[in-house]
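**Q** here is a sequence with its predicted model. Questions after.
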Amino acid sequence: MSVITQDPAGVGSASTVPPPHRDVLSGVQVSAPTQPKTSKRSVESRHWRRRGAAVVALVLVLAVVAVWKWRAGGTVDRERLVLHTVQRESLEITVVERGNLESQSNLEIICEVDDVRRDGINGTPLIWIIENGKRVKKGDLLVELDSAPIQEKLDEQILDTEQARERYMLAQAAYDNQLTQNATNKAEAELRVQLAELELQMFIDEESGTHKLEVEAIKRQIDDLNNEILAAEASLELKKNDKQGIETLFRLGYAGKSELDKARLDFLQAESQYAAKINRLRTQLATLKKKETYERQMQLLQLQGQLDTAKRNLAQVIRNNEAKLTQAKATLETRKELLHKEEELLARYREQLEKCKIYAPQDGMVAYASTRNETIRPGLPVRARQHILSLPDLKKMQVVTSIHESVLDQVKPGLKATIRVDAFPEHVYEGTVKQVAVLPDQTGWYNSDTKAYQTTITIDEEVENLKPGMTAVVEIHVQRLENILTVPVQAIVPEGKRTYCYVCDASGKVEKREVALGPTNDRVVQVARGLQAGDQVVLNPGVLSEQES
């Protein structure tokens, strides 16, 4: 929103007050203000924001009063009105933020000293570190770490050698035990092979094998069933004759109904017994066929498989014995070489001692590595592989800033930007948005209900005299609209969810007209519907309320 003041020549001049979020008039996204916000707000910036908010509130109140009191179609004194002629022009949509410089390429210096954990310190203490921000040459001493714990480890190598000798003796005893165990395992596997061979021979023996005996037993059962069937067949025939005789006597009246029923029942029982024996015979015949063909093959395959498995197990035992013996022998040889390994460890400790002093691998400027909870300083322990400091390439720089969530959808990688560094305000750098964070910056969560997303903008040229940490203002060029109708933002009067402009003709007659708005920046807004080029809009609608009163 902007406030218009009258200059001596009668021409309105704008004093811009940056809106802090989406435009309240149109609901469209407002670009970042001309005066960029800082990630760490100063007292002075908060003072100006309060003054700007007060001015915006005053203009809105005057505009709303004008809407309440103004009667459409009235005339006013044109000399008291500040008018603006609607015309087509270009509208630049930008997002302006303040951030800090850092190098695009940092050579990180890390701690390569392993932690000696028994000293009770998580890491290796810093004894000395070069001053932060100092320029160094290749070979200059950068960091010195405490080497006392490593020196103590060197003194313990004699004791480690005696322990290695003891482990060698134990390995010799384990090797001898393995020889005895291998012999026992092999004997047990050979016994299982012999038992499997005997079981197979017992099954396939043609005279007294288990299969032969089972087949003969089934055949004997079949013979017994045949005899039983013959007897059952004779009994059935006898019962049949008795039934027919009783039926004849019953028809002649010499036999009663009970005698007839008993004869028929006896015949049915004899018939059922005969059928049952026939079924048993069929079952035994099927069992005999199954035993002589399928089951014999199945049992033969099973016994042969058991024998083959026992043989494979014997071979596996032999291979395992060889592997275990080889392992025991390797362990024994390893123990014999322990003294040599301890000497290698001694060399390792000497290398660690050398790495307690870190020298610059190239020219550059020292930049301490710091986190939210700790800062690199003498006396502070550093962990193995921890980043201690960096030697940034000062010719290729970038700006890290935070984008407010209200304009996040407009900022995308690849957009061009203009960068101004506070230390060198006369120079303008061209840049490109490199990346926009997916998650909000956690450092701002406890200070505001809104979120900001870290954004990186690279400087597209080589620079000089710029240092990491310098403050810079980034203007991201989001969009440029060509040949559109625009009006100053102070000409817009909101009423609820609608927006209006007051249009004045040559006779001084003022018409209240509803307008539809488009994108805006901190000065002008696009009018999508409601006005035409050449219309004159009132920039100080508060005068209307004064004249009405």
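**A** That came through fine. For clarity, every value in this text was computed on a predicted model and none was experimentally measured. Residues are numbered from 1 along each chain as shown.

**Q** what's the domain layout of the chain?
**A** According to automatic domain parsing, the chain comprises the domains 2-103+394-548, 106-146+356-392, 184-338.

**Q** ranking the ones you listed by mean pLDDT, which is last?
**A** In terms of average pLDDT, domain 2-103+394-548 trails the rest of the domains of the chain, at a mean of 73.

**Q** hang on, the earlier thing: so which of the domains of the chain is nearest Gln163?
**A** When the domains of the chain are compared by CB to CB, domain 184-338 sits nearest Gln163, at 8.5 Å. C-betas here are computed from N, CA, C, even on glycine.

**Q** could you work out the end-to-end span of that closest one for me?
**A** Criterion CA to CA, to the nearest Å; first-to-last residue distance in domain 184-338 is 32 Å.

**Q** secondary structure element for the closest residue to Leu307 other than its chain neighbours?
**A** In this structure, Leu307 finds its nearest non-sequential neighbour in Ala196, 4.0 Å apart by CB to CB, 6 or more residues apart in numbering. Applying DSSP states H and E as the criterion places Ala196 in helix 157-204.

**Q** so which elements touch that helix?
**A** helix 210-252, helix 296-336, helix 338-354 (3 or more CB pairs under 8 Å, 6 or more residues apart in numbering; DSSP states H and E).

**Q** can I get those in a markdown table including distance to Arg282 and mean neighbour count?
**A** Formatted as a markdown table, the helices and strands packed on helix 157-204 follow (distance: least, CB to CB, whole Å; neighbours: other CB atoms under 10 Å):
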| stretch | distance to Arg282 | mean neighbour count |
| --- | --- | --- |
| helix 210-252 | 10 | 14 |
| helix 296-336 | 20 | 15 |
| helix 338-354 | 79 | 14 |
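
**Q** distance to Leu91 for the ones you listed - can I get that in a markdown table?
**A** Conversion of these to a markdown table gives the following (distance: least, CB to CB, whole Å):
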| stretch | distance to Leu91 |
| --- | --- |
| helix 210-252 | 102 |
| helix 296-336 | 78 |
| helix 338-354 | 64 |
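
**Q** any idea which of these gets closest to Gln362?
**A** That would be helix 338-354 among the helices and strands packed on helix 157-204, by CB to CB, at 19.2 Å.

**Q** following element in sequence after that closest one, please.
**A** Next element after helix 338-354 (DSSP H and E): strand 357-359.

**Q** that following strand: what's the following helix or strand?
**A** Sequence-wise, the next helix or strand downstream of strand 357-359 (DSSP H and E) is strand 364-365.

**Q** Val411 is nearest to which of the helices and strands packed on helix 157-204?
**A** Val411 sits nearest to helix 338-354 of all the helices and strands packed on helix 157-204, at 47.4 Å, using CB to CB.

**Q** hmm, who's touching the closest one?
**A** With CB atoms under 8 Å, 6 or more residues apart in numbering as the test, helix 338-354 has contacts from 113-114, 147, 150-151, 153-154, 157, 160-161, 164-165, 167-168.

**Q** try it again with 6 Å
**A** Val113, Ser147, Ile150, Lys153, Leu154, Gln157, Asp160, Thr161, Ala164 (CB atoms under 6 Å, 6 or more residues apart in numbering).

**Q** how far does that helix sit from the chain's center?
**A** Offset of helix 338-354 from its chain centre (CA atoms, centre = their mean, to the nearest Å): 41 Å.

**Q** report the inter-axis angle for that helix versus helix 157-204.
**A** Counting by axes from the mean of the first three to the mean of the last three CA atoms, to 10 degrees, helix 338-354 lies at 130 degrees to helix 157-204.

**Q** and the gap between Ser258 and Asp242?
**A** In this view, Ser258 and Asp242 are 14 Å apart by CB to CB, to the nearest Å.

**Q** do the same with Tyr453
**A** As judged by CB to CB, Tyr453 and Asp242 stand 109 Å apart.

**Q** same check, this time on Val543
**A** Distance of Val543 to Asp242, given as CB to CB: 138 Å.

**Q** same deal with Leu339?
**A** Counting by CB to CB, the gap from Leu339 to Asp242 is 109 Å.

**Q** try Glu462
**A** Separation of Glu462 from Asp242 (CB to CB): 128 Å.

**Q** likewise Asn122?
**A** Taking CB to CB, one finds Asn122 at 109 Å from Asp242.
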